[in-house]
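**Student:** Kindly return the folded structure for what I paste below:
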Amino acid sequence: MSYEIEKTEAEWREQLSPAEYQVLREAGTERPFTGEYTDTKTVGVYACRACGAELFSSETKFDSHCGWPSYFAPLAEDRVQYIQDDSMGMRRVEVRCARCGGHLGHVFEGEGYGTPTDQRYCINSISLTLRPAEG
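**Tutor:** Modelled structure (predicted):
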């Protein structure tokens, strides 16, 4: 796959902290209920920590009690990329930044989420940067 922003692994390691690199470049996961944005209610836009692409709005953020920030939709479908993930003995759908390929988390579908899309984008805080709304 090619992305708008492509860097060598050495360049990503230089730009990102070891924890950011582990999640964004190696598809790791931060521990549940430890992320910076899990309980944040600040109004704004969540951007990819690796490349700055705007990905999610606080308007779609909801408390799913899953341990990670959850959203019911991205800002636009072309902002994210979906990849089948059969790791860990289960079938999931990985969510990546469409601009740089950074691992964000996973998306789950189900009527029990109580969201307009019946989806829960379970996203690692460390993959994001919150840009608070002005005013």
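**Student:** Unless I misread the structure, I126 falls within a helix.
**Tutor:** Yes - the assignment for I126 is a helix, going by DSSP: H, G, I helix; E, B strand; the rest coil.
**Student:** residues in contact with it?
**Tutor:** 19-20, 23-24, 30, 35-36, 49 (Cβ atoms under 8 Å, 6 or more residues apart in numbering). C-beta coordinates here come from the backbone N, C-alpha and C atoms, glycine included.
**Student:** Turn these into CSV, including pLDDT, secondary structure and neighbour count.
**Tutor:** Output for these, formatted as CSV (pLDDT from 0 to 100; DSSP: H, G, I helix; E, B strand; the rest coil; neighbours: other Cβ atoms under 10 Å):
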residue, pLDDT, secondary structure, neighbour count
A19, 97, helix, 12
E20, 98, helix, 20
V23, 98, helix, 24
L24, 98, helix, 28
E30, 96, coil, 20
G35, 96, coil, 21
E36, 96, coil, 14
R49, 98, coil, 22
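**Student:** I'd like these as JSON lines, with distance to R120 appended.
**Tutor:** JSON lines is the format used below for these (distance: Cβ to Cβ, whole Å):
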{"residue": "A19", "distance to R120": "23"}
{"residue": "E20", "distance to R120": "23"}
{"residue": "V23", "distance to R120": "18"}
{"residue": "L24", "distance to R120": "20"}
{"residue": "E30", "distance to R120": "17"}
{"residue": "G35", "distance to R120": "15"}
{"residue": "E36", "distance to R120": "19"}
{"residue": "R49", "distance to R120": "21"}
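**Student:** of all those, which comes closest to L55?
**Tutor:** Lowest distance from L55 to the contacts of I126 (Cβ to Cβ) belongs to R49, with 10.0 Å.
**Student:** Now do the end-to-end distance for stretch 14-31.
**Tutor:** 23 Å (Cα to Cα, to the nearest Å).
**Student:** now do stretch 3-20
**Tutor:** 19 Å.
**Student:** Report the buried residues of that stretch.
**Tutor:** Of all the residues in stretch 3-20, those buried under the rule 16 or more other Cβ atoms under 10 Å are 7, 12, 16, 20.
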